[in-house]
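K.L.:
from the sequence below, what's the structure:
(2 chains)
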Amino acid sequence: EAQVTQNPRYLITVTGKKLTVTCSQNMNHEYMSWYRQDPGLGLRQIYYSMNVEVTDKGDVPEGYKVSRKEKRNFPLILESPSPNQTSLYFCASSLAAFSYEQYFGPGTRLTVT
Amino acid sequence: DQQVKQNSPSLSVQEGRISILNCDYTNSMFDYFLWYKKYPAEGPTFLISISSIKDKNEDGRFTVFLNKSAKHLSLHIVPSQPGDSAVYFCAARSFQAGTALIFGKGTTLSVSS
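P.N.:
Numbers count the residues shown, from 1 in each chain, chains lettered A, B, ... in the order given. Got it, this is the predicted structure:
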């Protein structure tokens, strides 16, 4: 089954404790991205990757890092999480950078206390 | 400055009637528009899209209309079914602006039987 998977689905952590949210897709997509969804703000892009070893900032990149060492994986790293990063995170992928349809993972709900 | 606006946070419709979800945008460079549907605890899923060179696109019960002069698009669901109850996001993109989808805040549709 074609899908985008994220782990963990739920995470509660404390301020400053480094964490990684994993994202993997099995569709051989070139383009992957991370979004966060906050109440009243919709989905906003954090980082994106157009291919292996090619990443760039989205609209809200502060406090996040990403890497793309393999085509299928695109982890989101929070080196020193803060409470304002409490949010619902979605990973998405598409065939190519300018493919219009993006496939989303199920989401990771992160709480930083 | 919000480029994609969904001004109605919620909409309630009876089963069998028409649901009309609205979306306004400000960036005249947007060249493609998409609607995503999101159920609780799941990621958004692609529903229907329309290119800026068209004014209508239909897929089964779902039709999207685009009025470029008014910078307005709408999603019509006919007939509405209880399973259509979800959050609907309008999204837009511009080839010139890059690869990110710009999302609206979403409209929660409730279809009662």
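
K.L.:
burial count for residue 112?
P.N.:
I went with chain A, as the question did not name one. Look at A:V112: counted by other Cβ atoms under 10 Å in any protein chain shown, it has 20 neighbours. Yep, even glycine has a C-beta here, placed from its N, CA and C like the rest.

K.L.:
please go with chain B instead
P.N.:
Using other Cβ under 10 Å, B:S112 is surrounded by 11 other residues.

K.L.:
please name the bridge partners of it.
P.N.:
Beta-bridge partners of B:S112, counted by DSSP bridges, are B:Q14.

K.L.:
now tell me what touches stretch B:67-79 from outside.
P.N.:
B:15-26, B:28, B:33, B:35, B:47-48, B:50, B:52, B:55, B:61-66, B:84, B:88, B:90, B:109 (Cβ atoms under 8 Å, 6 or more residues apart in numbering or on different chains).

K.L.:
whatever residue of chain B ends up closest to chain A and A:S93, how far apart?
P.N.:
Relative to chain A, the nearest point of chain B is B:G43 (3.3 Å; Cβ to the nearest Cβ). For B:G43, the distance to A:S93 (Cβ to Cβ, to the nearest Å) stands at 11 Å.

K.L.:
residues in contact with the residue of chain B closest to chain A?
P.N.:
For B:G43, the contact set (Cβ under 8 Å, 6+ apart) comprises A:V4, A:F90, A:A92, A:F104, A:G105, A:P106, A:G107.

K.L.:
just give the nearest non-adjacent residue to it, would you?
P.N.:
Spatial nearest neighbour of B:G43, chain neighbours left out: A:F104 (3.3 Å); criterion: Cβ to Cβ, 6 or more residues apart in numbering or on different chains.

K.L.:
again, but for A:N7
P.N.:
A:T22 (4.9 Å).

K.L.:
A:L19 too?
P.N.:
Here the residue nearest A:L19, using Cβ to Cβ, 6+ apart, is A:L78, at 5.2 Å.

K.L.:
what sits against that neighbour?
P.N.:
A:K18, A:L19, A:T20, A:V21, A:G63, A:Y64, A:K65, A:Q85, A:L110.

K.L.:
before we move on, what about B:E42?
P.N.:
Per Cβ under 8 Å, 6+ apart, neighbours of B:E42: A:P106, A:G107.

K.L.:
one more time with 6 Å
P.N.:
A:P106 (Cβ atoms under 6 Å, 6 or more residues apart in numbering or on different chains).

K.L.:
same deal with B:G104?
P.N.:
Here B:G104 is in contact with A:G42, B:V4, B:K5, B:Q6, B:C23, B:F89, B:C90 (Cβ under 6 Å, 6+ apart).
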